[in-house]
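Novice: okay, predicted coordinates and the sequence, questions at the end:
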Amino acid sequence: MVNKKLISVSGPTAIGKTKLAIKLAKSLKTEIISFDSRQFYKEMSIGTAVPSEIELNEVKHHFIQNKSIQEPFTVYDFSVEATKLINKLFKLYDNIILVGGSYMFLKSIIYGIDEMPKIPNEIRVNLNNNFKINGVKYLQSILSIKDPEYYEKVDLNNPRRLIRALEVIEFTKKTFTSFLNNNKDKIFNHYSIALNTDRSKLYEKINRRVDLMIDSGLIDEAKELYKYKNNYALNTVGYKELFNYFSNKYSKEIAINEIKKNTRRFAKKQITWLKNSNEGHEWIDTDYKLDKILKDLNNKFF
């Protein structure tokens with residue numbers, strides 16, 4: 001597939017990735033694959049900022065609300081399904097657009113991922129019990145010692161991912177990172193576009209998006225999901241703060257301010273990850289000219 005290419009659009013949350021991805025997909029007459037690990041779930045719409053119905057109708061999207069929060073769906077699962085889909089789509093298109101903010105999921109496409117070993121149930125049970133007794137900070141501290149590289153990348157507030165890493169480490173006596181990085185060579189030709197802008201502008205965009213989510217019914221959506229609050233998929237910015245509001249730990253105002261603050265922190269972490277990833281991104285400001293991006297793509301690949 002020498003002439004087949006994946007073009008990814010990355011960047012911090014609220015930066016405008018979906019808008020650019022749709023413009024590129026329409027210009028190149030192709031389809032979009034999402035690598036946003038929260039937009040997979042059909043129960044979570046407003047809080048994950050899934051593309052609107054109009055946007056979904058403009059270009060065919062994949063991996064948008066295609067799973068339930070009740071279904072386990074790992075990076076490995078995504079890598080397998082996405083790779084099969086890409087090979088299928090490459091029979092129709094020379095280019096496919098990837099878009100999202102979950103960069104381990106993106107890497108699992110570009111480089112592939114080793115199949116994880118089957119873990120004895122007692123190891124998983126023991127880690128889950130330790131989590132229930134000692135909390136997420138206990139898992140974080142163990143991971144920071146046993147696999148500091150993965151500790152710097154993983155969502156530290158997602159106990160499911162922490163437990164997954166620790167159970168592999170305990171069973172194999174190897175770092176979890178070693179299973180993610182064995183494939184050093186790219187499986188697909190890949191051109192990476194990374195959106196960014198002035199920090200103050202980004203934070204303003206984030207604050208506006210949170211206000212829009214609230215106005216669009218995020219609180220009611222979170223109320224419907226409150227009964228599943230212990231589900232790992234819902235340990236997500238925008239939901240966990242509102243769950244604290246429902247349980248009277250936060251006032252409504254504090255919950256909304258916490259969503260904004262935690263979203264800004266997450267965006268900062270995304271930017272750091274991109275800058276440290278050594279992927280050779282083409283950094284684009286939000287005032288980009290689409291013709292310039294397409295010209296650069298043409299000069300590099302076409």
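Specialist: That came through, no problem.

Novice: tell me which other helices or strands the top strand by length along the chain touches.
Specialist: For the chain, the strand with the greatest residue count under DSSP state E is strand 189-196. If you count contacts as 3 or more C-beta pairs under 8 Å, 6 or more residues apart in numbering; DSSP states H and E, strand 189-196 packs onto strand 5-10, helix 17-28, strand 282-285, helix 290-300. C-beta here means a position set from N, CA and C on the backbone, and glycine is covered the same way.

Novice: in CSV, list these along with mean neighbour count, mean pLDDT and distance to Leu225.
Specialist: Output for the helices and strands packed on strand 189-196, formatted as CSV (neighbours: other C-beta atoms under 10 Å; pLDDT from 0 to 100; distance: least, C-beta to C-beta, whole Å):
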stretch, mean neighbour count, mean pLDDT, distance to Leu225
strand 5-10, 24, 96, 27
helix 17-28, 20, 98, 22
strand 282-285, 15, 95, 35
helix 290-300, 12, 89, 37
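
Novice: JSON lines for these, including distance to Ile119?
Specialist: Formatted as JSON lines, the helices and strands packed on strand 189-196 follow (distance: least, C-beta to C-beta, whole Å):
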{"stretch": "strand 5-10", "distance to Ile119": "31"}
{"stretch": "helix 17-28", "distance to Ile119": "34"}
{"stretch": "strand 282-285", "distance to Ile119": "39"}
{"stretch": "helix 290-300", "distance to Ile119": "42"}
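
Novice: of all those, which one comes closest to Asn130?
Specialist: Ranking these by proximity to Asn130 (C-beta to C-beta) places strand 5-10 first, at 34.3 Å.

Novice: tilt between the closest one and helix 17-28?
Specialist: 160 degrees (axes from the mean of the first three to the mean of the last three C-alpha atoms, to 10 degrees).

Novice: can you tell me which of the helices and strands packed on strand 189-196 comes nearest to Ile123?
Specialist: strand 5-10 (34.0 Å).
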